[in-house]
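Participant: Next input, structure requested:
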Amino acid sequence: MIPSVPLAAPPSPAVPITPGVQDQLDRQFVKGTPPERAVSPIHEAAGASRDVGTRRGCTVRVAVQFAAVIAMAAVAALLVVRSRSERPQTVVAGVAPTPVFTPSPQGAAPNEVVVAKMQTAVQTLAPTAGEPSPTQQSFTPTSEKPESPTEKPIQARTPALQENKSRMRAVAQAAQSRSADVRARAEAVGAQRLAAALYEGGRAQEEEAQRLMARGNFSGALAAFDLAARQYEKSESAARFAPRPPPTRWRQLPTPSVEQESAAKARVRCSNAQTRAEKAGAAELAARPYRAGRAAQQKAEDLMTRGDFAGAREVFDRSARNFEEAESTALNTSRFRPEAKLSSEQSRIRETIRLYDRAQNTLDVELYLRVFPSLDRRRVADAFSNLRSQSLHIEILSIDISPDGQKAAARVYERRAMVPKEGGVRRTQRELVLALEKTPERWVIRRVSRE
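Facilitator: This next block holds a predicted model:
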């Protein structure tokens, strides 16, 4: 067991005590002689070296505690700065002051000095009653919307921007009017024909400017209108100095010449001779001269179309002579033929063909069905209703009557020009065969074919 009463140490010689660092500091700040410290029996037993080590340990502890206080103050300051950076609109009421080291009063113990300094720092950082801490203030939610620092300048600039936009619109509209005036002057001197490249360039710029105006880009529209005006001015200048084409002389319609009038008169004589020859039955009784006259008549029509009026007049005259010869031959032949009724029947057949021709020229449904009764009335009416007009000319080439006199076949040459209600003129020329049948009233058509 360890005895409760300390053992007595053997006596040792007295060792002089060396003043420590704390004694020197006390002398410096107090300006006097430090009080003598009582030496405990333990210190006496341990000796002077033990007293010096104890003083050094106290100094280290004071420094450590002081560093801890400074670290706590730094952490608190860091938290305050971070809360301010996150919410710039919140203003912290106060910042804890940084503790400053002050020397302890003379005679105070080191531990008491450290404790007093820590209490002072805590009281400085602690908020007063009823007042939130800086950390709570920085994180306290507010119902009011924070006001952006750029809202007031933007609101202040809005009227100025609108006024500037209205001014730019007025300037762009003025440039548009100027461009239109310059374009009108350029068109007046024929720039679209004489300086097409410059004029079209101005038109393109003007259209682009109008698109920019519609989008609200008034500055771009102003630049485009100015460029268009310059293009129009260049085209106007180029058109004024461009070489002018010679004035166009109006071509007068040619008046009918003497040869043309002579050819027209010869055509009328040829047509009359053909009618008389057909009435006399020349197509049957004088086929050779009649066909010669028909061939000459077609040739003369071609020459008229080409403008050879002199040649057409001569051919028409020759055709008329052929028809007259055919008429004379037919009349002479009919006098000596035993069939006296042949010419009469041919005349009746020609009358039927003439009515057939007139019904189609006039688009007369009733007359057409009278000479062609085997057709359907509805089909004929529909066909005529789709035509605006029709011109038909039939030339009888020959008529063959059956021995019993009840049927006949007429070979004709047809020239037709139809004008439908929709579309252009349609022209046809063809040779047809009309199959006819005799009725008590007249000869009627039963069939129309190409052979």
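Participant: Thought residue 169 was touching residue 219, still the case?
Facilitator: No. Look at residue 219 against residue 169 with C-beta atoms under 8 Å: they stay out of range, at 10.2 Å. No exception for glycine: its C-beta is placed from N, CA and C like everyone else's.
Participant: Between those two, which has more neighbouring residues?
Facilitator: residue 169 (15 against 12; other C-beta atoms under 10 Å).
Participant: Apart from its neighbours in sequence, what residue is nearest the more buried one?
Facilitator: Of all residues not flanking residue 169 in the chain, residue 218 sits nearest, at 5.1 Å (C-beta to C-beta, 6 or more residues apart in numbering).
Participant: Enumerate every residue touching the one you found.
Facilitator: Under the criterion of C-beta atoms under 8 Å, 6 or more residues apart in numbering, the neighbours of residue 218 are 165, 168-169, 171-172, 212.
Participant: of the residues you listed, closest to residue 236?
Facilitator: The shortest approach to residue 236 among these belongs to residue 172, at 22.5 Å (C-beta to C-beta).
Participant: How many residues are close by the closest one?
Facilitator: Neighbourhood size, residue 172 [other C-beta under 10 Å]: 22.
Participant: With residue 187 instead?
Facilitator: In terms of burial, residue 187 registers 16 neighbours under the definition other C-beta under 10 Å.
Participant: measure it to residue 212 for me?
Facilitator: Using C-beta to C-beta, to the nearest Å, one gets 23 Å for the distance from residue 187 to residue 212.
Participant: hmm, back to that, which one in the contacts of residue 218 is the model shakiest on?
Facilitator: Checking pLDDT across the contacts of residue 218, the minimum falls on residue 165 at 81.
Participant: What helix or strand is that one located in?
Facilitator: For residue 165, the enclosing helix or strand under DSSP states H and E is helix 151-188.
Participant: Please apply the same query to residue 399.
Facilitator: Counting by DSSP H and E, the element that carries residue 399 is strand 387-401.
Participant: any residues touching the helix or strand following that strand, and which ones?
Facilitator: The element immediately downstream of strand 387-401 (helix or strand, assigned by DSSP H and E) is strand 407-420. Under the contact criterion C-beta under 8 Å, 6+ apart, strand 407-420 has outside partners 294, 345, 349, 353, 360, 386-402, 425-438, 443.
Participant: 6 Å - rerun?
Facilitator: 349, 386-401, 425-437 (C-beta atoms under 6 Å, 6 or more residues apart in numbering).
Participant: Let me see the residues that make contact with whichever helix or strand comes after that strand.
Facilitator: Later in the chain than strand 407-420, the nearest helix or strand by DSSP H and E is strand 426-438. The set of residues that contact strand 426-438 without belonging to it, under C-beta under 6 Å, 6+ apart, is 349, 406-418, 443-449, 451.
Participant: Okay then, goodbye and thanks.
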